[in-house]
Structures are given as C-alpha cells and as structure tokens.
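Q: coords below, sequence missing:
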C-alpha cells in the first residue's frame, strides 16, 4: 500500500474524529435537508423538525402542539417504526458499497477498516457513554445509535477519497446524505411525523487512551461535557462520575460510595498516597513486585472484608509516568504476593515467577 494513501486515510480519519468532537453549532438547514432525503428514501414525506439544546432535553421534551402516538414515547423506543427502517436502509447501502469494492486489494481494505472504522468506533462508543447513562438502550435502540455513528460513514468516505474507489451515482448520492448528516448535527430521533434533533455540546474535554488511539471523556477540574442548556457530564479517564468526584472528593464521601468504579475514580482524583494518609489505612505488608521489577506491592487494610493492593502499572503512560492504582482484594489475604496473584487468578508461587508486565 502506498504511503500516500496511508497518509491521506489518516488525515481523513482525523477529520472525522474532529467532527465527532465538534462543538460548533449545528448546520440546521443541511441536517434537515439530509434527514428529509432519508425519509423520502423510505417513502415518507419530510417530518416536522424540533431542535433541542442537548440529548437529555431531546429525550425528555415534546414540542408544543405535538401529540405523540402511544408507542412513540422514549421509554417505548424499541417499538418505534422508523429507526429500524432507516437502519435497514443503511445496512443495504453498506452491502451495496461493499459489493462495489470487492475487487479492491484486500490488504488495503483491511487496513482502512482497522485504522479508520475500528478506531473511530472505539472513540464513538466511549463518547456515547453519557447518553447511555440517561437512556435505557436495548439491542434494537443500540442498532439505531450505531446507524448514526460516524465510523461507518468515514470508512466509505475514506475508500472513495483516499483509495479512489468510485461508487455508482445512486449510491454516492445516498452516502452523501449520511455524510452531510454526520457532519451537521448531534443525535437525532425520527418519528413518523416528527424528528427531534439535538445540538452539539458547547464544550468537550477528552484524552487519548493507550496505544489504540481511543478518545475518551476526561477532565480533572470540571465537567468533561457540557451543553447549552446546562446539562453536563463529569468523567474521569473515560468513566462517568458524580460531580463531587471531580469538584470536591473527600475520604468520607468515598467511604459512603457504593459504586466501586466511582470510588476508584475519586481515590485517583485525590491521589492514592494522600488518600491512604487521610483515610488512615494501615499497611499490612510490602514486597518487591516480581511482575514489575523496581516496583513494590503494598497491601493495606480497607474494610473488614476488603483489603487494597497498591501497585504500579507495568507500562508507561503518555506523560512518561507510571500510574499507581489500587485493587480491592478479599480481606482474608495478608500476603501482597498472594493478593497480586489473586487478581490474576494465579497461585502466589506462579505469580512470583512472572516476567515484567506490559
């Protein structure tokens, strides 16, 4: 595969990632024209449009003068007629486009799928976390949100722009509807006579996770995601958390928190060393970590039924540091080596023979 195609494909992927992270106001005329085009493709006239300042507002409000059919409430979205019809339209389009590129060099096609589509799918899934938290997704609604994703659109856009694949005029026109829509607005929900469309956020803060390039929500001093109507989401390294975890973490709140992941994030926000000191955790024992030469395993009392094993990550973060993190282990364990082995599902003797973790 030529370096030119790889370079151009990478640029297109970054362009689509930028769309995924966009905080620019929606292009309402373009979005409405594209949605109207999709309605026509399934034999329906254009709907009435209602714009909402955020996804949560879009899900919770009905525009004045509109009477929904009994099955058109959000809690019965799995019964809506249009999402599966539009998703089917998308799937047929993808099959037709795949048929047209069957002659394409397999190695290049697989590379574009992996580096563009799969990469964007990971980021899109992570960034959809706040919507999943306020909306009970079923397998059917999950398909609808996947239909709205930029990853599949970016995949075929890259094939034609970077690799020179030529689609038929009919399929190009339909693909362009989805391209325009993905570039123009946030999430949208189609009913038969009404389509509710959400604006984009006004602020979004992210980080790149690991070597796979996944972009996830993260901000250590405020909301990671904020919309114009005030709906905001706090996130710590990709995990959605209550606002107190970011703005006012404390040992008392951590001890009262039932959710293990939220508790972990709050402790990391404070810092494990500070938390251990403030919480008065008693050290049980420390040993050298055979799986991570130069680092130690520290085992602390946490609760009667639980201890905490403080470890150092074997791999280096993007900032050059090695992250320290705590793992909860059963309270009956008193040996740090045995506790570390328990987290891997290994006997202590076998863990002690491990090579350096990566």
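A: On my side now, so go ahead. Quantities reported herein were computed from a predicted structural model and do not represent experimental measurements.

Q: Pull the contacting residues for the residue nearest the centre of the chain.
A: Of all residues in the chain, the one closest to the mean position by C-alpha atoms, centre = their mean is residue 126, 0.7 Å from it. With contacts defined as C-beta atoms under 8 Å, 6 or more residues apart in numbering, the neighbours of residue 126 are 209, 214, 215, 216, 217, 238. Where you see a C-beta, it was placed from the backbone N, CA and C, and this is true even at glycine.

Q: Enumerate every residue touching the closest residue to the fifth one other than its chain neighbours.
A: Same thing as residue 217. In space, and not counting its chain neighbours, residue 217 is closest to residue 235: 3.7 Å by C-beta to C-beta, 6 or more residues apart in numbering. Residues in contact with residue 235 (C-beta under 8 Å, 6+ apart) are 129, 130, 216, 217, 218, 219, 224, 225, 241.

Q: 7 Å - rerun?
A: 217, 218, 219, 224, 241 (C-beta atoms under 7 Å, 6 or more residues apart in numbering).

Q: And residue 231, by the same measure?
A: 54, 56, 57.

Q: now that we have these, which one has the most neighbours?
A: residue 54 (26 neighbours; other C-beta atoms under 10 Å).

Q: Break this structure into its domains for me.
A: Per the record, the chain has its domains at 3-203, 246-351, by automatic domain parsing.

Q: how long is the longest one end to end?
A: Right, the one you point to is domain 3-203. Using C-alpha to C-alpha, to the nearest Å, the end-to-end distance of domain 3-203 comes out at 35 Å.

Q: could you give the mean pLDDT of that domain?
A: Regarding domain 3-203, the rounded mean pLDDT is 90.

Q: does the residue nearest to residue 217 belong to a helix or a strand, and which?
A: strand 232-236 (DSSP states H and E).

Q: Following element in sequence after that strand, please.
A: Counting by DSSP H and E, the next helix or strand C-terminal to strand 232-236 is strand 239-241.

Q: how long is stretch 184-191 end to end?
A: Start to finish, the residues bounding stretch 184-191 are 19 Å apart (C-alpha to C-alpha).

Q: got a list of contacts for that stretch?
A: Contacts of stretch 184-191 (C-beta under 7 Å, 6+ apart): 26-27, 30-31, 34-35, 47, 55, 58, 72, 80, 82-83, 86, 131, 148, 195-200.

Q: Kindly write the PyMOL command that selects the buried subset of the residues you listed.
A: To isolate the buried subset of the contacts of stretch 184-191 in PyMOL, counting by 16 or more other C-beta atoms under 10 Å, use the following:
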select buried, resi 26+31+34+35+47+55+58+72+80+82+83+86+131+148+195+196+197+198+199+200
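
Q: Which ones among the contacts of stretch 184-191 map onto strands?
A: 195, 196, 197, 198 (DSSP state E).

Q: Spit out the contact partners of the third one.
A: Spelled out, that is residue 197. By C-beta under 7 Å, 6+ apart, residue 197 lies in contact with 31, 49, 51, 185, 188.

Q: quick one, phi psi at the closest residue to it other than its chain neighbours?
A: The shortest distance from residue 197 to any residue other than its chain neighbours is 4.3 Å, reached at residue 188 (C-beta to C-beta, 6+ apart). The phi and psi values for residue 188, taken as degrees, to the nearest 10, are phi -150, psi 150.

Q: Give me the packing partners of the host helix or strand of residue 349, helices and strands only.
A: In the assignment (DSSP H and E), residue 349 maps to helix 348-351. Counting contacts by 3 or more C-beta pairs under 7 Å, 6 or more residues apart in numbering; DSSP states H and E, helix 348-351 packs against helix 336-344.

Q: what packs against the helix it packs on?
A: Looks like helix 336-344 contacts strand 283-288, strand 296-303, strand 306-312, strand 324-330, helix 348-351 (3+ C-beta pairs under 7 Å, 6+ apart).

Q: residues in contact with the shortest one?
A: Under the contact criterion C-beta under 7 Å, 6+ apart, helix 348-351 has outside partners 290, 291, 335, 337, 338, 340, 341, 344.
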